[in-house]
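Visitor: Task: produce atomic coordinates for the following.
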Amino acid sequence: MQTVTVKKYPAPITLTSLTCLSGTLLSAIMAAVLDHKASSWRLSWDMSLVAVLYSGIVIFGLAFYLQVLVGRTKGAVFITAFRPLGIVITTLMALLILGDVLFLGSVVGAILIVVGLSLTLWGKD
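Guide: The predicted structure follows:
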């Protein structure tokens, strides 16, 4: 789906901005439906605001922009091949930065996801 969209709409920065905007609007609507309290929506000038801004702008925007560029040059299969690397990086950052505990079920689940994705990509060739 992403490859078809990039071919029809070749401006990657505008496409990334529109995708982020639509995701923001849908998330805001869903959050308003699920949580009506105004106290839940307050952001203070501390790390919670920095985390929201960083997650929204840097992580989602930059990642989507890079995926569009790589999808245009290398193809959609190349993007999918690096999904397992994202799982590993996320797990390592959660362990080292956040101090999360690693459970056996999480490791087995991640391994099954990586193996399933690798077999799917291998079968595509």
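
Visitor: If we go by neighbour counts, what in the longest helix anywhere in the chain is buried?
Guide: In terms of residue count, the longest helix belonging to the chain (DSSP state H) is helix 12-34. Neighbour counts using 16 or more other Cβ atoms under 10 Å place 12, 15, 16, 19, 20 of helix 12-34 among the buried residues. Heads up, the C-betas are built off the backbone N, CA and C, glycines and all.

Visitor: For residue 62, state which of those is nearest.
Guide: Lowest distance from residue 62 to these (Cβ to Cβ) belongs to residue 16, with 8.7 Å.

Visitor: who's in contact with residue 17?
Guide: Taking Cβ atoms under 8 Å, 6 or more residues apart in numbering as the contact definition, residue 17 lies against residue 61.

Visitor: Adjust the sequence numbering to begin at 8 for everything that follows.
Guide: Okay, residue one is now 8; in that scheme the one you just asked about reads as residue 24.

Visitor: I'd like to know how many residues surround residue 65.
Guide: 10 (other Cβ atoms under 10 Å).

Visitor: what do you get for residue 122?
Guide: Counted with other Cβ under 10 Å, the neighbours of residue 122 add up to 11.

Visitor: rewinding a little: using TSV, please lay out the buried residues of helix 19-41 together with distance to residue 78.
Guide: Putting these into TSV (distance: Cβ to Cβ, whole Å) gives the following:
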residue	distance to residue 78
19	9
22	11
23	12
26	13
27	17
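
Visitor: Those into TSV, with extra columns for pLDDT?
Guide: As requested, the buried residues of helix 19-41 are arranged in TSV below (pLDDT from 0 to 100):
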residue	pLDDT
19	71
22	76
23	72
26	78
27	76
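
Visitor: Using PDB, write down the CA coordinates of the longest helix of the chain.
Guide: Only the C-alpha atoms of helix 19-41 are listed here, as PDB (Å, rounded to 0.1, in the frame of the first residue of the first chain):
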ATOM      1  CA  PRO A  19       7.700  12.500   0.300                       C
ATOM      2  CA  ILE A  20       7.800  15.400   2.900                       C
ATOM      3  CA  THR A  21       4.300  16.400   2.100                       C
ATOM      4  CA  LEU A  22       3.100  12.800   2.200                       C
ATOM      5  CA  THR A  23       4.800  12.400   5.600                       C
ATOM      6  CA  SER A  24       3.200  15.500   6.900                       C
ATOM      7  CA  LEU A  25      -0.300  14.500   5.700                       C
ATOM      8  CA  THR A  26       0.200  11.000   7.200                       C
ATOM      9  CA  CYS A  27       1.300  12.400  10.500                       C
ATOM     10  CA  LEU A  28      -1.600  14.900  10.600                       C
ATOM     11  CA  SER A  29      -4.200  12.200   9.800                       C
ATOM     12  CA  GLY A  30      -2.700   9.900  12.500                       C
ATOM     13  CA  THR A  31      -2.800  12.800  15.000                       C
ATOM     14  CA  LEU A  32      -6.400  13.600  14.300                       C
ATOM     15  CA  LEU A  33      -7.500  10.000  14.500                       C
ATOM     16  CA  SER A  34      -5.500   9.500  17.700                       C
ATOM     17  CA  ALA A  35      -7.000  12.600  19.300                       C
ATOM     18  CA  ILE A  36     -10.500  11.500  18.400                       C
ATOM     19  CA  MET A  37      -9.900   8.000  19.800                       C
ATOM     20  CA  ALA A  38      -8.300   9.400  23.000                       C
ATOM     21  CA  ALA A  39     -11.200  11.800  23.500                       C
ATOM     22  CA  VAL A  40     -13.700   9.000  23.200                       C
ATOM     23  CA  LEU A  41     -11.800   6.700  25.600                       C
END
